[in-house]
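> return atomic coordinates for the entry below.
(one chain, ligands or ions: 2)
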Amino acid sequence: MAVLVTGGAGYIGSHMVWELLDAGEDVVVIDNLSTGFEWAMAPEATFYKGDVADRRLVRRVIRDHSVDAIIHFAGSVVVPESISRPLFYYENNTCKSRALIEHAVAGGVRHFIFSSTAAIYAAGDSRPLDEEALVAPQTPYGMSKFMVELMLRDVAVAHPLDYAILRYFNVAGADPKGRAGQSTKGATHLIKVVCEAAHGRRDHVDVYGADWETRDGTGIRDYIHVSDLVLAHRLALQRLRNGGGNLVANCGYGRGYSVREVIDSAKRVAGKDFPVAFAPRRPGDLPSVIANAARARKELAWTPRFDAIDDIIETSLAWEDSLSRKNSAA
Ligand SMILES: NC(=O)c1ccc[n+]([C@@H]2O[C@H](COP(=O)([O-])OP(=O)(O)OC[C@H]3O[C@@H](n4cnc5c(N)ncnc54)[C@H](O)[C@@H]3O)[C@@H](O)[C@H]2O)c1
Ligand SMILES: O=c1ccn([C@@H]2O[C@H](COP(=O)(O)OP(=O)(O)O[C@H]3O[C@H](CO)[C@H](O)[C@H](O)[C@H]3O)[C@@H](O)[C@H]2O)c(=O)[nH]1
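Ligands and ions are numbered 1, 2, ... in the order given. Prediction:
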């Protein structure tokens, strides 16, 4: 019996692979390496380079490895790109997920865990968002993900497949053992940007807006450590295998840090200063996005281990260190 991790060569997927291997699972990965890296994957996982919509490949992998569960990370994740290339996002995130779900049903896979996002919520005010908050995706990225949620609900009624839909808030950090981290090229995520600046790989950090209605004027987000996030997936897998039933749950900590607080943490933890510039607000940004993640804690008995911002920054900085060493060795 094996778990198929799609997108296992990417940032979150590569952490998932380690989490499953550490728990003694047999892991198989399908990834087309469009944004992932083969070297990022644990060598103990069986890797197939290919597309999640490739019928022959997916059905062969399910059969040959007796796959009972799929954890589906593969997709395109850059929100502004989804606005300029909506059809690509609907193809890669929605149509290809539909194909994967069809192959899963045909192959007798019983459990499906899906990477969804806080970007599906309307997020009109600054209150913590629970799973019943208004869903109204503001971008093709968010919509491309929400359509997969809808498909999974319908498929689970008609076929013997159950699901966990996990809606991530701002994912950050790296494996505390240094085995995985975020290697995305040209990343725009705040914590990655700040850690690159602390490393001298960027000459400064832009703060997008200091005039938001927040405690210090800068944007507030609920940063969740990637290792806590993949733990929630493993617990969701356990729940499905134990017959716990379908689940939709937010993944965040229920608290937020501002851009200024993140920058201060990076300077403190790195012991280095770097220039900060104040820039206009970024189109589409919101003042504050925070999860109410009570359901994940209760239903999954999930207890986060790395919820201090300094821990998130420390592991990210350590990963930037190892990337610098890799680059200078290459
Ligand atoms: N990073 C975040 O903050 C965040 C937040 C919410 C949701 N998510 C979701 O989590 C998942 C993983 O995100 P990530 O940050 O690790 O991104 P990533 O780009 O690092 O990983 C995605 C992986 O999927 C692969 N891939 C893409 N399309 C594919 C296809 N058609 N067939 C096979 N492989 C394919 C890529 O090569 C890559 O390895 C995504 O589905 C994303 O929407 C991420
Ligand atoms: O160089 C930067 C980068 C970001 N920010 C600010 O930092 C905060 C976080 O921005 P990120 O780009 O790190 O993340 P977002 O909140 O924009 O979006 C992320 O979280 C969303 C869920 O809330 C989606 O999941 C989405 O895929 C993911 O990119 C925002 O206030 C942003 O304006 C800066 O000030 N400077």
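
> tell me who's in contact with the residue lying closest to residue 92 once chain neighbours are set aside.
In this structure, residue 92 finds its nearest non-sequential neighbour in residue 76, 4.8 Å apart by CB to CB, 6 or more residues apart in numbering. Glycine gets a C-beta too; all of them are placed from N, C-alpha and C. Contact analysis of residue 76 by CB atoms under 8 Å, 6 or more residues apart in numbering lists 34, 35, 82, 88, 89, 92, 93, 141.

> tell me, how many residues neighbour the third one?
By the measure other CB atoms under 10 Å, the count of residues near residue 82 is 24.

> who in the chain is up against ligand 2?
77, 79, 117-119, 168-170, 188-190, 193, 205-208, 219, 221, 259, 282, 285, 289 (CB under 6 Å from any ligand atom).

> can I get the buried part of those as one ChimeraX selection?
The following ChimeraX line selects those of these that are buried, judged by 16 or more other CB atoms under 10 Å:
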select :77,79,117,118,119,168,169,170,189,190,193,205,206,207,208,219,221,259,289
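
> does the residue nearest to residue 92 fall in a helix, a strand, or a coil region?
Put simply, residue 76 is coil when judged by DSSP: H, G, I helix; E, B strand; the rest coil.

> from ligand 1, how far out is it?
Per CB to the nearest ligand atom, to the nearest Å, residue 76 is found 6 Å from ligand 1.

> repeat for residue 129
The gap separating residue 129 from ligand 1 is 13 Å, by CB to the nearest ligand atom.

> same check, this time on residue 148
Taken as CB to the nearest ligand atom, the span from residue 148 to ligand 1 is 9 Å.

> now that residue. Nearest residue, chain neighbours left out?
That would be residue 97: by CB to CB, 6+ apart, it lies 4.4 Å from residue 148.

> kindly report the same for residue 204.
That would be residue 275: by CB to CB, 6+ apart, it lies 3.9 Å from residue 204.

> so what touches the longest helix seen in the chain?
The helix that spans the most residues within the chain, counting by DSSP state H, is helix 309-329. Residues outside helix 309-329 that contact it (CB under 8 Å, 6+ apart) are 172-176, 178, 180-183, 191-192, 194-196, 198-199, 201, 223, 225, 227, 257, 261-262, 265-266, 268-270, 306.

> can you flag which of these belong to strands?
172, 223, 225, 257 (DSSP state E).

> in those residues, find the pair that's most separated.
225 and 257 (12.3 Å; CB to CB).

> ends of stretch 196-209, how far apart?
In stretch 196-209, first residue to last residue: 20 Å (CA to CA, to the nearest Å).

> gap between it and the chain center?
Here stretch 196-209 is found 22 Å from its chain centre; the criterion is CA atoms, centre = their mean, to the nearest Å.

> now do the SS call for residue 248.
Under three-state DSSP, residue 248 falls in the strand class.

> what pLDDT is listed against it?
Listed pLDDT for residue 248 reads 98.

> mind listing the helices for the stretch 51-200 of the chain?
55-64, 79-84, 86-89, 96-106, 140-158, 190-198 (DSSP state H, counting those that start in this stretch).

> quickly list the domain ranges of this protein.
For the chain, automatic domain parsing gives the domain ranges 2-172+224-251, 190-221+254-291+306-329.

> cool, thanks, talk later.
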